[in-house]
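K.L.:
Structure for the following, please:
(one chain, ligands or ions: 2)
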Amino acid sequence: MENIIPHEFHISKTERNKQNGHTSFVVWFTGLSGSGKSTIANQVEHELYEQGIKTFSLDGDNIRKGLNNNLGFTAEDRQENLRRIAEVAKLFVESGAVVIASFISPLKKDRELIKEIIGEEDFIEVFVNTSLEECERRDVKGLYKKARAGEIKNFTGIDAPYENPENPDLEIKTESENLEEAIKRIVLHLQDKLKISVQ
Ligand SMILES: Nc1ncnc2c1ncn2[C@@H]1O[C@H](COP(=O)(O)OS(=O)(=O)O)[C@@H](OP(=O)(O)O)[C@H]1O
Ligand SMILES: Nc1ncnc2c1ncn2[C@@H]1O[C@H](COP(=O)(O)OP(=O)(O)O)[C@@H](O)[C@H]1O
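P.N.:
Residues are numbered from 1 along each chain as shown. Ligands and ions are numbered 1, 2, ... in the order given. Next up, the predicted model:
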């Protein structure tokens with residue numbers, strides 16, 4: 001951007017990672033409403049916390065009620081929602097935290113943008129793959145019922161699209177894998193990534 005000259009700070013991500021004893025990156029959960037993103041993310045964060053890892057969760061509660069409370073669910077608003085979240089996640093990564101982000105993030109192009117902002121090397125995509133039928137059966141918040149009744153417009157899976165990730169780093173099929181197994185698999189996948197490489 002014109003006339004914006006970044007200041008070089010002495011303490012960077014590398015120093016913070018050394019001090020913390022682990023690397024920092026984003027674990028991004030994508031999937032339909034009710035697929036299990038928050039449930040899984042919560043438990044993954046708990047496991048990491050128990051290991052002494054610095055974590056921070058980003059989800060609808062702390063984002064859509066605050067920073068992004070001027071955004072709705074049109075394709076345009078979702079893109080801006082996710083762009084801002086990716087920028088925030090990047091700042092937290094700079095601060096040394098492992099960021100656990102849970103957002104529907106329904107479109108491939110928006111997930112590509114997120115990856116671009118955060119940087120491919122710091123982005124782990126976890127696809128929480130639960131069928132629409134199962135999400136609707138769970139209907140945790142009663143939103144599918146409202147969407148079917150036409151009381152909510154642009155509802156993902158009903159009258160707004162969800163594009164399945166083609167190459168996620170991890171895929172969790174909640175209808176055939178139990179929660180404990182899924183958590184173990186994700187946490188195991190993160191172990192190598194958390195190690196600081198000695199140069
Ligand atoms: N129209 C519509 N479509 C989808 N979801 C809706 C909608 N309206 C409200 N909600 C509630 O908002 C949560 C999804 O917000 P996200 O920020 O994750 O969505 S997005 O990534 O920008 O698409 C989502 O939360 P989760 O159920 O946790 O996914 C819903 O509770
Ligand atoms: N294997 C599983 N993994 C995650 N959630 C599951 C699983 N099996 C059943 N559930 C249930 O599905 C619901 C998922 O809701 P939630 O985590 O809020 O989804 P999301 O954040 O994707 O909207 C919860 O009620 C949870 O108990």
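K.L.:
What are the buried residues along stretch 28-43?
P.N.:
The neighbour-count criterion (16 or more other C-beta atoms under 10 Å) identifies 28-41, 43 as the buried residues of stretch 28-43. The way it works is simple: take the backbone N, C-alpha and C, and place the C-beta from them, glycine included.
K.L.:
Could I get the full set of strands for the chain?
P.N.:
Here the chain has its strands, by DSSP state E, at 26-30, 55-59, 98-102, 123-129, 170-173.
K.L.:
one step back: contacting ligand 1 as well, which ones from the buried residues of stretch 28-43?
P.N.:
33-34, 38 (C-beta under 6 Å from any ligand atom).
K.L.:
quick one: which of those sit in helices?
P.N.:
Ser38 (DSSP state H).
K.L.:
The residue nearest to Lys153 when sequence neighbours are not counted and Gly150: what is the separation?
P.N.:
Computed as C-beta to C-beta, 6 or more residues apart in numbering, the closest residue to Lys153 that is not its neighbour in sequence is Asp159, at 6.7 Å. From Asp159 across to Gly150, the span is 9 Å (C-beta to C-beta, to the nearest Å).
K.L.:
Near ligand 2, which residues of the protein? Just list them.
P.N.:
31, 33-40, 102, 138, 140, 174, 178-179, 182.
K.L.:
try 5 Å
P.N.:
With C-beta under 5 Å from any ligand atom as the criterion, the chain comes near ligand 2 at residues 33-39, 138, 140, 174, 179.
K.L.:
got the contact list for the closest residue in space to Ala75 that isn't next to it in sequence?
P.N.:
Closest residue to Ala75 apart from its sequence neighbours, by C-beta to C-beta, 6+ apart: Leu107 at 7.2 Å. Contacts for Leu107 (C-beta atoms under 8 Å, 6 or more residues apart in numbering) come out as 75, 78-79, 161, 163.
K.L.:
closest to Lys65 among these?
P.N.:
Arg78 (16.1 Å; C-beta to C-beta).
K.L.:
these two touch, right, that closest one and Arg111?
P.N.:
No - counting by C-beta atoms under 8 Å, Arg111 is not a contact partner of Arg78; they are 11.2 Å apart.
K.L.:
intersection of neighbour lists for these two?
P.N.:
Residues touching both Arg78 and Arg111 (C-beta under 8 Å, 6+ apart) are Ser105.
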